[in-house]
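Q: need coordinates for the below:
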Amino acid sequence: MASSPKVRRTTKPRDGVQNLPRFQKDAYARLLNQHQKGKFRSYLQELAKQQVEENTSTSVSRSVNVVNGRKKGNSDSSYSIESLSSHQNRHMADAYISLYTDKTSHQVTCTENQGMKHGMLEELHKAAAPKKVPSKQQHKRSEKDIKVCSSLVGSEEGDSQQLSCSCGEEQAKNKSKKKRSERKSEKKDKEACGPEAVPIIAGKSPNKNIRAPHTKAPKESLLQNNNEKGTKGGRGSWKQQFEQYMSTEDVFAGLKRGELIQGVLRINPKKYKEAFVPSPDGSADIFLDGVAARNRALNGDIVVVKVLPPEQWKAVNGDVNESTSANQMAPEAPDVIVKDHYNEDDEVIGKMKNVSLHDKAPTTTQPVKHASAFNISGSSSERAMQRTGKVVFIIEQKHSRAASGFLKFLPNKNFALFSPVDHRIPRVNVPLADCPADFISRPGDYENTLFICRITHWPADSNFAEGQLAKTLGQAGEIEPETEGIMTEYDVDFSEFSEEVLNCLPQNLPWSIPAHELCRRKDLRKECVFTIDPATARDLDDALSCKQLSDGNFEVGVHIADVSYFVEEGNVLDQIAGKRATSVYLVQKVIPMLPRLLCEELCSLNPLTDRLTFSVIWKLSPEGKILSEWFGRTVICSCIKMSYGHAQSMIEAPDKHFSAEELPPCSPDHSIHEIQEAILNLNNIAKQLRAQRFEGGALQLTQLKLSFTLDKESSMPQGCYVYQYQDSNKLVEEFMLLANMAAAHQIYRTYPELAILRRHPPPQSKMVDDLQEFCDQMGLDIDFSTSGGLHRSLNEDLGNDKYAAARKEVLTHMCSRAMQMASYFCTGALKDENSFSHYALNVPLYTHFTSPIRRYVDVIVHRLLAASLNCGPQLSLSVEEVHKLASYCNDRKTASKRVQELSSELFFALFVKECGPLDSEAMVMGVLDQSFDVLVLRYGVQKRIYCNSLEGLKAVHFCKVGKRPEMTLVWETGDHSKESIQQISIFTLLNVQLMADGAPMKYSVVLKRPSAL
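A: Numbering: from 1, shown residues only. Sure, this is the predicted structure:
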């Protein structure tokens, strides 16, 4: 059967079309219907076929090149709301859509790379544009600027009724938002489609894998399709096609010649059509505009990108470079020990993010009814240009291809539509056979049910991926189903350990240390050794000791659980530990890297129990100078399990005599006074070590962390608070850092090719320069020349009033965005020793040694240490294997960190729902053209406030003075002749209210109107 004709509409209607009276519009619709039939259609098909065969290498007219802009990387999301190309097109489409769908018997799709004579196209372009009707959200789970819609595939699986939606409701919504979209649509079409475009009609697609639908779609179905597709700019109503990937040979050749760029894809979680790949030279990221430019790659994938020609680069404005997260993500911080189950990196380093600081842009004023995310207009001379690109190859699919989401029943289809909660993931067609047995008969029963879906395939000729349902999680909005969905998406293995793994553990319980093992170790069981951990910790993997020597110096020991004794290299237990790579600490529970028998019993340094350890013992002067150092395998017996609170009480009251009732059970062999003296001596030495570190140029970007109090039975949040980082935390931190640095030097001296270390590159100079300019314009004297200078600036130059800490937090967040990530690496794979260093700690060598119960890298470091000291076998791994292991552990650490963040967000949203609305002060930490980010001071959370969500707001004025963004809010008052003005800029203090959204596990922060109104 012949394919139906394929039409691309123009973005600029002919003069006078928008003003046609009704009878003329009807005539145009009838003319279109005639053109779609009989000999005329056959003639068009034959002509298109000839031109494809004869002129594939010939340049076509300017208008055809513009329409083919999608191939050049300017396509938008296949599941996104788009605007029509111009004000005139929208009026024309509104007039023609009902007649057009009534007359047309075939779905209209577009064809790429096909040209036609301009005259014939002009004959038909007047009726080619479908009506733009925005899709309504199926689930209110996204930020307000993210609209989840889709254009349907043009194959048989993607025609009528792919999505169900009330046409009447959508038309009403479209009418109310009509004016709001006009400015945005005009600008986007100018950028994406060029100054002018004409429709393309072709009878046949050159892609033989694309099939035209063979069944006639009813009027209601076509109307519904147009509503669901959310057409815009002449693109959304036709099938999105992805480019075929380049061959492996061409990719590697292009990378070698420098024509292609390899990097990690980051998709903006707030604007999922925007993605970024870091530039190898440290300049601004390469911008990928739309889903087509990503070419089926997902967040975190390692991709190869081709940079587009300069004429397709994007003008940079206030929010163009806003990058993910990752990760989404809140900025991280590196290599500071905060033993509340975060890695040592979690206090100093940020993910590589672009700071939204760009060149001067003119002031813009927008009524609130037009409020949306739009780029600020301005001449090209006033705006920098950002390189754009497209994905041409996926090196490695780092994303799990799993997602949690909801099912949508599609009548007359043999598949259902899966809509992920994360809008960066495409919607997926899943077989009905995977769905619950009664899903077809009772689809409404599953509207609020979370499912897990795994993508199995994403065809190049389809907007929708294909996949399979893996599991039914439960009701959305409940802690456990939501948590399981998060863990599955980030590929966290939370299954029970198999019998084969458990058989690797000691079977004769209770276990005791064999006599022959005691003979091989230094016996420290009579020493005063103790642990300091969070009160709820069960996996105690480090202990401390300190005794004063007769010469006035101190013998200080750090004793780490000897996990490598129980986890033999190469066995099944070692394999599963390597696969998990890290424990994952959720708000309500821990997903352990090792079986609980090891984590909480045999390896955990529980009090009053003999335990195997790996120790480093120094002789230190009272000033913290290292006089000697010893490494070796030991056995200890901890005399007490201290919490940070207990240790802090002793530090704050050095002269107090603590009773046994005030502390946990203590060994009778050591008095409370002895333990208190040890803690006070450790604290004094730690202060000396800390001062020396920062005087030597170390940097610490400590960020706020939210903690919860949970109901013991239900695990529901009863309260939340900002975690306080105290002297007891700093005490433990200093000696863990010292032990990690000592271990790094020991293994690198012995194994210069096999050592696994941790490096932290300096921040990217371009981003630091931008941040320096911003701070100068804000009147902030911040020294970005060195890590030490930055640390001093953040701790000395922000005032001493009650909001100084908030200003420091805001500036710390901005600085973290310029930082690169710390990462594990194999010394044999990185030849330049100068690149081994750790920028934040300002040390040449660093590794992780102190947490082997929860980090697999530490287990490898223990094995290298044992081999270097001739108290363990040689490591059997090659340089290449250690390099791959380091890279994998980097990935799992990033995923674990993100899961922890999402778990905290989940519980906080539930807390707001149960206890809200909540009032708090907030400080502005970022300003965009129609929104601004705030730090909620009471809870330490960061949230974006959208101007179009503020009741009573009349207009928004935005401008940038250099790199300093400023916003003016114009509020309505009771007196219509008067207005109230509110200024918004970085560090502005506001009053906000946190309240639950309609969607499960979501909350909003709303700006409270000034009290003067």
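
Q: got a list of contacts for stretch 681-697?
A: In this structure, residues lying in contact with stretch 681-697 by CB atoms under 8 Å, 6 or more residues apart in numbering are 544, 546, 548, 554, 556, 620, 622-624, 651, 700, 727-728, 730-731, 733-735, 737-738, 786-788, 791-792, 841-842. To be clear about C-beta, it is placed using only N, CA and C from the backbone, and glycine gets the same treatment.

Q: show me those residues that map onto strands.
A: The members of the contacts of stretch 681-697 that map onto strands under DSSP state E are 544, 546, 548, 554, 556, 620.

Q: circling back to that earlier point, any of the contacts of stretch 681-697 buried? List them.
A: Judged by neighbour count, with 16 or more other CB atoms under 10 Å as the criterion, the buried members of the contacts of stretch 681-697 are 544, 546, 554, 556, 620, 624, 651, 700, 728, 730-731, 733-735, 737-738, 787-788, 791-792, 841-842.

Q: let's see which of these end up in helices.
A: Taking DSSP state H as the definition of helices, the buried ones among the contacts of stretch 681-697 contribute 651, 728, 730-731, 733-735, 737-738, 787-788, 791-792.

Q: for A866, which non-adjacent residue is spatially closest?
A: Nearest-residue entry for A866: G872, 2.6 Å, with adjacent residues in sequence omitted and distances by CB to CB, 6 or more residues apart in numbering.

Q: what does A755 show for phi and psi?
A: Here is the backbone geometry of A755 (degrees, to the nearest 10): phi -60, psi 140.

Q: for it, what are its contacts?
A: With contacts defined as CB under 8 Å, 6+ apart, A755 is in contact with 744, 747-748, 826-827, 847, 864.

Q: what are the buried residues along the strand or helix carrying V430?
A: For V430, the element it lies in under DSSP states H and E is strand 428-431. Applying a neighbour-count criterion of 16+ other CB under 10 Å, one finds 428-430 buried in strand 428-431.

Q: tell me which of those is nearest to L706?
A: Within these, distances to L706 taken as CB to CB reach their minimum at V428, with 33.0 Å.

Q: where does the chain have low pLDDT?
A: Within the chain, the segments meeting pLDDT under 70 span 1-240, 316-383, 797, 799, 1012-1013.

Q: tell me which residues of the longest helix along it come out buried.
A: If each helix of the chain is counted by residues according to DSSP H, the longest one is helix 879-915. In terms of neighbour count (16+ other CB under 10 Å), helix 879-915 has its buried residues at 882-883, 885-886, 888-913.

Q: that one: what's the following helix or strand?
A: The helix or strand immediately downstream of helix 879-915 is strand 918-927, counting by DSSP H and E.

Q: which helices and strands sit right next to that following strand?
A: Applying 3 or more CB pairs under 8 Å, 6 or more residues apart in numbering; DSSP states H and E, one finds that strand 918-927 contacts helix 804-818, strand 931-936, strand 964-972, strand 979-985, strand 989-996.

Q: point out the most buried one among the ones you listed.
A: Here the criterion is mean neighbour count by mean count of other CB atoms under 10 Å, and of the helices and strands packed on strand 918-927 the winner is strand 931-936, at a mean of 23.

Q: just checking: what are the partner strands of it?
A: Counting by DSSP bridges, the strands paired with strand 931-936 are strand 918-927 (antiparallel), strand 941-946 (antiparallel).

Q: nearest to P717, out of the ones you listed?
A: Smallest distance to P717 across the strands paired with strand 931-936 (CB to CB): 12.6 Å, for strand 918-927.

Q: list the buried residues in the closest one.
A: Using 16+ other CB under 10 Å as the test for burial, strand 918-927 gives 918, 920, 922-927.

Q: so that strand versus strand 964-972, what angle?
A: For strand 918-927 against strand 964-972, the angle by axes from the mean of the first three to the mean of the last three CA atoms, to 10 degrees is 130 degrees.

Q: contacts for strand 918-927?
A: 318, 356, 803, 806-807, 809-810, 813-814, 912, 932-939, 942, 958, 965-967, 984-995, 1005, 1008.

Q: buried residues in stretch 771-781?
A: Judged by neighbour count (16+ other CB under 10 Å), stretch 771-781 contains these buried residues: 771-772, 774-775, 780.

Q: please disregard the earlier target; I meant stretch 951-962.
A: Of the residues in stretch 951-962, those with enough neighbours to count as buried (16+ other CB under 10 Å) are 953, 955-960.

Q: and A416, how far from L605?
A: 51 Å (CB to CB, to the nearest Å).

Q: how about M967?
A: 53 Å.

Q: was I right to think S904 contacts C720?
A: No: using CB atoms under 8 Å, S904 makes no contact with C720, being 9.1 Å away.

Q: still on that earlier bit, in the buried residues of strand 918-927, find the pair that's most separated.
A: Spanning the widest gap among the buried residues of strand 918-927 are L918 and V927, at 23.5 Å by CB to CB.

Q: and the angle for the host helix or strand of K390 with helix 879-915?
A: For K390, the host element (DSSP H and E) is strand 389-396. Relative orientation of strand 389-396 versus helix 879-915 (the same axes, to 10 degrees): 110 degrees.

Q: run through who's touching strand 389-396.
A: Applying CB under 8 Å, 6+ apart, the set of residues contacting strand 389-396 from outside is 72-73, 243, 245-246, 248, 251, 260-262, 265, 277, 286-288, 292-297, 301-308.

Q: 7 Å instead?
A: Contacts made with strand 389-396 from outside it, assessed by CB atoms under 7 Å, 6 or more residues apart in numbering, are listed as 73, 245-246, 251, 260, 262, 277, 286, 288, 293-295, 297, 301-308.

Q: what's the local residue count around P411?
A: By other CB atoms under 10 Å, 10 other residues sit near P411.
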